[in-house]
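**Student:** Sequence and computational prediction follow.
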There are 2 protein chains.
Amino acid sequence: MKKPQLVWDIKPVSYILGKDAVSLSVKRLKEFGKRFVLVDENTFEHCLPVFKNLIGDIEIDGIIKISANSNNKNIEETIVVWDKLSEFGADRDSLLINLGGGVVTDLGGFAAATFKRGISFINYPTSLLGMVDAAIGGKTGLDFSGIKNQVGLFTNPIKVVIDPIFLKTLDQNQLLSGYAEMLKCGLIMDRDLWGSLTTLNYQQVNDWDSLIVQSARNKVDIVRHDTHEKGIRKILNFGHTIGHAIESHFLNKGQPITHGEAVAAGMICETYISSKIYEFECTQFNEIIKVIDMNFKRQELKNEDIDYLIDLMKQDKKIKEGKHNFSLLRKLGKAVHDIEVDDNTIRESIIFYIEGKNCTD
Amino acid sequence: MKKPQLVWDIKPVSYILGKDAVSLSVKRLKEFGKRFVLVDENTFEHCLPVFKNLIGDIEIDGIIKISANSNNKNIEETIVVWDKLSEFGADRDSLLINLGGGVVTDLGGFAAATFKRGISFINYPTSLLGMVDAAIGGKTGLDFSGIKNQVGLFTNPIKVVIDPIFLKTLDQNQLLSGYAEMLKCGLIMDRDLWGSLTTLNYQQVNDWDSLIVQSARNKVDIVRHDTHEKGIRKILNFGHTIGHAIESHFLNKGQPITHGEAVAAGMICETYISSKIYEFECTQFNEIIKVIDMNFKRQELKNEDIDYLIDLMKQDKKIKEGKHNFSLLRKLGKAVHDIEVDDNTIRESIIFYIEGKNCTD
């Protein structure tokens, strides 16, 4: 038998970031036999007309619409997408255009990558969260059995097109949700970005374009080096271990909160844990908590929820042999990964969050 | 922004073929935190005891059983597997052991590759079809919306362990189903193998072990060179373009036939097409048809089914811009791919099949 041949398997992704990105992507759209657009009810109404206008005479061969509900990132909606692709006669020469926020790009990417063993897709994120985080990096996923992203794949779109034009379609709440990931990006790897974000709260930002490009570039740099999250990419999970548990908790209670709100809560807890392990200066610690609190109200958690939250964390994909490995802040602008944290410290951090304290309390 | 880094993405697959293969795989099984076995009702009863006996004191942390029905390679059964993996607390350090025929390895591979964005799996094919074909090459798939493998992925197990010990658990019908792929393997690339297979019908074979290893090695060689079916791998589709349509036709009628029966029918039609395009000698043509007919009875198709069959072919994943691209025989032992065939010739070939003719008729 011949020796195995090593071959490139990841399709190269290219990125277009900033003003006029959609127009610059038109040439690539022409190369496919058929083009289908996946939208949710909101992006169907607010983004699809903008998109169609920008792509000019490029023909769209079918529109697939899912409901606009953060609970719908599930296998049932994926089946709807597979059904529509079958009905439209999509083949390996077809393209799926994911026009929407994180639900559309996560679910659309999964559906495309698994239809006929994979058709091409392009992400056009329309939410702030999508632009700076969800649409970049090849993680697709569905919520399953009460667990966030329990089912999914690492699979890359052929292109990610980040055009701030869609920001105009967002309300304040949606802006806020993406803002948490931008704050995170500053905290873990870009003190300059953090500096630009912390002098004002999100409602006072004027120059979104450059902040979005700066945040998105940071993420692109990280995921290019570590697509499969074996090392450095894990720092992006700062705020997410406890954040995901809090998000699942409220989802399971039937009172979903936004991903941004959950991550903001997670970042407070995990900054607390970081400060315990790395002995932050009190001023730096307070600054971080203050900026998060300035933008996000604390969620209503009770002491008796803590055990359940810790249980939920044990479902985390990052868990290995039952140990909680956190990504933490070494200092402002520098994160480390794979730090083991015991249940007691996690418990303390959630109590700190619930009690609304800061370092000097 | 830094230049993209190219990284290896396919996990290397290793193969253990032949007598004692299961015992030789034990060391690798030990390396995982938890091990789960996926079986169907038949392999639960007939193969799991054999398997457990061979792996000695290795602990199994959970058994997942799906029904033994070729109709069950679907998303509903996949959901059962995801549910069980969640319930058992499977994590990225867990292994899924697929112990079964093509349904178990196709569905189990898909379920593992999409659970928590991918856990490791090993294929232990127990059917002849699995050993020489389905378990090798990284194609996973589910039937969806009446189309075979409409949903799926290219994703590799870490290991494929082909141990002929499980042959003893098979009835004649199951042997026959795998036999079609062995005949195909001979026809497209291995005249020696063809020679060994054609002097007797499948019930007269004594030395299965060496024939299985020879067939499996041929497939391994092909898929190592072309995992994603961009070129040479397509020759494995000989008999499958029309064969899949016939299989879907009977499935949709509620009278499923085996994959082997469908491929045998497809090979007769596609040998006819090959002979039209490449002007086979009549003796060679008759030999091929004779050997297939010696093992497989012709399926009951009617002239009025042909349009529907051609429609089904248009759903084939290999279709590009509506054109039927076939893999055909240039001569006995040598196949070519990407040959365009018009609807009339396809129609003729099915009529030839229905009328039970051969070259001299």
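**Tutor:** Received the coordinates, thanks.

**Student:** pLDDT score for A:P4?
**Tutor:** For A:P4, the model assigns a pLDDT of 40.

**Student:** what's the distance between A:Y179 and chain B?
**Tutor:** A:Y179 is 23 Å from chain B, where distance means C-beta to the nearest C-beta, to the nearest Å. From N, CA and C alone the C-beta is placed, and that goes for glycine too.

**Student:** burial measure for that residue, as a count.
**Tutor:** Neighbouring residues of A:Y179 were enumerated by other C-beta atoms under 10 Å in any protein chain shown; the total is 25.

**Student:** From the chain's centroid, how far away is whichever strand or helix holds it?
**Tutor:** Using DSSP states H and E, A:Y179 sits in helix A:172-189. Here the centre of mass of C-alpha atoms in helix A:172-189, compared against the chain's by C-alpha atoms, centre = their mean, to the nearest Å, lies 10 Å away.

**Student:** Please, which helix or strand holds A:N156?
**Tutor:** Secondary structure assigned from DSSP H and E places A:N156 in neither a helix nor a strand.

**Student:** Chain neighbours aside, what residue packs nearest to it?
**Tutor:** For A:N156, ignoring the flanking residues on the chain, the nearest one in space by C-beta to C-beta, 6 or more residues apart in numbering or on different chains is A:G138 at 4.2 Å.

**Student:** next one: A:S196
**Tutor:** A:S196 sits nearest to A:L211 (C-beta to C-beta, 6+ apart), 6.4 Å away.

**Student:** Contact partners for that neighbour?
**Tutor:** With contacts defined as C-beta atoms under 8 Å, 6 or more residues apart in numbering or on different chains, A:L211 is in contact with A:M182, A:L193, A:S196, A:L197, A:V205.

**Student:** do the same with A:G108
**Tutor:** So A:G108 contacts A:L38, A:V81, A:L96, A:N98, A:G100, A:F121, A:N123 (C-beta under 8 Å, 6+ apart).

**Student:** residues near the residue nearest to A:N156, how many?
**Tutor:** 22.

**Student:** coming back round to it: could you identify the helix or strand that succeeds the helix holding A:Y179?
**Tutor:** The element immediately downstream of helix A:172-189 (helix or strand, assigned by DSSP H and E) is helix A:191-198.

**Student:** Can you give me the buried ones in that following helix?
**Tutor:** Of the residues in helix A:191-198, those buried by neighbour count under the rule 16 or more other C-beta atoms under 10 Å in any protein chain shown are A:L193, A:W194, A:S196, A:L197, A:T198.

**Student:** Just put these in TSV and tack on pLDDT and distance to B:I158.
**Tutor:** What follows is these, written out as TSV (pLDDT from 0 to 100; distance: C-beta to C-beta, whole Å):
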residue	pLDDT	distance to B:I158
A:L193	95	40
A:W194	96	41
A:S196	92	45
A:L197	91	43
A:T198	87	46
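
**Student:** Can you tell me which of those is nearest chain B?
**Tutor:** Here the nearest of the buried residues of helix A:191-198 to chain B, counting by C-beta to the nearest C-beta, is A:L193; it sits at 14.9 Å.

**Student:** do you know how far that closest one is from A:A335?
**Tutor:** Taken as C-beta to C-beta, to the nearest Å, the spacing of A:L193 relative to A:A335 amounts to 13 Å.

**Student:** Surely A:L328 is within a helix?
**Tutor:** No: using DSSP: H, G, I helix; E, B strand; the rest coil, the assignment for A:L328 is strand, not a helix.

**Student:** Stretch A:243-262 vs chain B: in contact?
**Tutor:** No: where contact is defined by C-beta under 8 Å from any C-beta of the partner chain, no part of stretch A:243-262 touches chain B; the two come within 12.6 Å at best.

**Student:** That stretch: how far from the chain's middle?
**Tutor:** When distances are taken as C-alpha atoms, centre = their mean, stretch A:243-262 is centred 14 Å away from the chain's centroid.

**Student:** contact partners of it?
**Tutor:** A:70-71, A:102, A:129, A:143, A:146-148, A:173-174, A:176-181, A:263-267, A:270, A:296, A:299, A:301, A:305, A:308-310, A:312-313, A:315-316.

**Student:** One more: stretch A:50-63?
**Tutor:** Around stretch A:50-63, the neighbours that count as contacts under C-beta under 8 Å, 6+ apart are A:22-23, A:26, A:29-30, A:34-37, A:39, A:44, A:48, A:84, A:88, A:94, A:97, A:99, A:124, A:163, A:165-166, A:169.

**Student:** Mind doing that once more with 7 Å?
**Tutor:** A:22-23, A:26, A:29-30, A:34-37, A:39, A:84, A:88, A:99, A:124, A:165-166 (C-beta atoms under 7 Å, 6 or more residues apart in numbering or on different chains).

**Student:** Show me the residue sitting in the middle of chain A in space.
**Tutor:** A:A134 (3.1 Å; C-alpha atoms, centre = their mean).

**Student:** I'd guessed it sits against A:L107; true?
**Tutor:** No: in this structure, A:A134 is not within contact of A:L107 by C-beta atoms under 7 Å, at 10.8 Å.

**Student:** quick one: terminal-to-terminal distance for stretch A:231-238?
**Tutor:** Distance between the two ends of stretch A:231-238: 13 Å, counting by C-alpha to C-alpha, to the nearest Å.

**Student:** quick one: low-confidence parts of chain A?
**Tutor:** When the per-residue scores of chain A are filtered using pLDDT under 70, the ranges that remain are A:1-11, A:317-322, A:360-361.

**Student:** Doesn't A:T140 lie inside a strand?
**Tutor:** Yes: residue state for A:T140 (three-state DSSP) corresponds to a strand.

**Student:** What residues does it make contact with?
**Tutor:** Each residue near A:T140 by C-beta under 7 Å, 6+ apart is listed here: A:D106, A:G109, A:F110, A:A113, A:G152, A:L153, A:T155.

**Student:** what about A:S210, neighbour count?
**Tutor:** In terms of burial, A:S210 registers 11 neighbours under the definition other C-beta under 10 Å.

**Student:** Compute the inter-axis angle for the helix holding A:Y179 and helix A:191-198.
**Tutor:** Relative orientation of helix A:172-189 versus helix A:191-198 (axes from the mean of the first three to the mean of the last three C-alpha atoms, to 10 degrees): 150 degrees.
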